[in-house]
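Undergrad: Curious how this folds, go ahead:
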Amino acid sequence: MSNDLAKDFKLMNELRKKRHNDWYHKNLQIIQASDLEYEATSDTCLIFRMKGYPKADFYPHTGRWRSNNKTYNGGATAFIKWLRNNKEL
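TA: Below you'll find the predicted structure:
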């Protein structure tokens, strides 16, 4: 019985890794197609520090971003929309 649980856990872990990898490539492609400037610290985080926009860190593997100690989710499209809506005039 425990052998089956180990196999199930391994399969779930592999599926999670594949899902996050797919999200990473999709989100990165959307961000790269936008006109936004960012710095990639590694393959896990993109840092946005553009003048007139809120400071934000975007995580392509999960589609989440952090700004002002608050975490948001929704993917790259939602992030870009949020960033542009919060632009300082």
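
Undergrad: contacts and neighbour counts: CA atoms only from here.
TA: OK.

Undergrad: So, low pLDDT: which residues of this structure?
TA: Confidence mapping of the chain against pLDDT under 70 gives the ranges 1, 89.

Undergrad: Which parts of it are helices?
TA: Taking DSSP state H as the criterion, the chain contains helices spanning 2-33, 75-85.

Undergrad: of those, which approaches Lys51 most closely?
TA: With distances scored as Cα to Cα, the stretch of the helices of the chain nearest to Lys51 is helix 75-85 (11.9 Å).

Undergrad: which helices and strands sit right next to the closest one?
TA: Under the contact criterion of 3 or more Cα pairs under 8 Å, 6 or more residues apart in numbering; DSSP states H and E, helix 75-85 touches helix 2-33, strand 64-67.

Undergrad: switch the cut-off to 7 Å
TA: helix 2-33 (3 or more Cα pairs under 7 Å, 6 or more residues apart in numbering; DSSP states H and E).

Undergrad: Just the buried positions in the helix it packs on, please.
TA: Buried residues in helix 2-33, counted by 16 or more other Cα atoms under 10 Å: 20, 23-24, 26-28, 31.

Undergrad: what do you get for stretch 59-76?
TA: Quick answer for stretch 59-76 (16+ other Cα under 10 Å): 59-65, 75-76.

Undergrad: Can you lay out the residues you listed as CSV showing distance to Leu83?
TA: Below are these laid out as CSV (distance: Cα to Cα, whole Å):
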residue, distance to Leu83
Tyr59, 14
Pro60, 15
His61, 18
Thr62, 17
Gly63, 14
Arg64, 13
Trp65, 10
Gly75, 12
Ala76, 10
